[in-house]
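Asks: okay, predicted coordinates and the sequence, questions at the end:
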Amino acid sequence: MGSSWLGLMLAPLRRQLNYSLKNITKYFGVSQDIISDSDARFTGRFWTALFDMNWVNWLDVAQFSYNLHKSSATSMSPFELAYRQQSLTPHEIPVQKLGERCLVAYQFARSMQELLDEAKDSLAKAQRIMKKYIDMRKRQVEFSVGDQMLLKLTP
């Protein structure tokens, strides 16, 4: 394990970002801080480059998103099942903390929050439309004690 971390520190910045996303972020989420040997090359440029990248094109982000999604069966996300808490996402990093360090990071976090709000609104609208169509086909049936009915035993 030690040699893999040494390779990470010596790798070019792009490879560090890819390594972080593929092996850390999608499983454990985005951390608010990096605890390292205080190497400015890693702590400064790494985060700046991470938030400058176009996340839409990354399949690993899709896995990260899936791991955040609550299942209707368990009412919990895979993160919650594994770690008993929901992971931080890039837009949840405190905005004031980002604004102090980098305007670009602040703008990225703000745009992520706007996208999240837009997605939530769209999902709520889709749910209302689906409920409307399901309710149109649903009928209220009442049974009394002693009523006879047919039971389907095969799919």
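Replies: Arrived safely.

Asks: show me which helix runs longest in this protein.
Replies: With secondary structure taken from DSSP state H, the chain has its longest helix at helix 103-137.

Asks: so what does that helix touch, helix or strand wise?
Replies: helix 46-52, helix 95-101 (3 or more C-beta pairs under 8 Å, 6 or more residues apart in numbering; DSSP states H and E). No exception for glycine: its C-beta is placed from N, CA and C like everyone else's.

Asks: the domain parsing of the protein - what is it?
Replies: 1-88, 91-137 (automatic domain parsing).

Asks: could you tell me the least trusted of the ones you listed?
Replies: Here the domains of the chain differ in mean pLDDT, and the lowest is domain 1-88 at a mean of 67.

Asks: do you know how far the residue nearest to Pro78 when sequence neighbours are not counted is from Leu88?
Replies: Setting aside the residues directly before and after it, Pro78 is nearest to Asn67 in space (C-beta to C-beta, 6 or more residues apart in numbering), at 4.6 Å. Asn67 sits 12 Å away from Leu88 when distances are taken as C-beta to C-beta, to the nearest Å.

Asks: neighbour count for the two, which is higher?
Replies: Remark: of Asn67 and Leu88, Asn67 carries more neighbours, 19 against 16, as counted by other C-beta atoms under 10 Å.

Asks: what does stretch 65-75 contact?
Replies: Lys26, Tyr27, Met76, Ser77, Pro78, Phe79, Glu80, Leu81, Gln86, Ser87, Thr89 (C-beta atoms under 8 Å, 6 or more residues apart in numbering).

Asks: what subset of these is buried?
Replies: Lys26, Tyr27, Ser77, Pro78, Phe79, Glu80, Ser87, Thr89 (16 or more other C-beta atoms under 10 Å).
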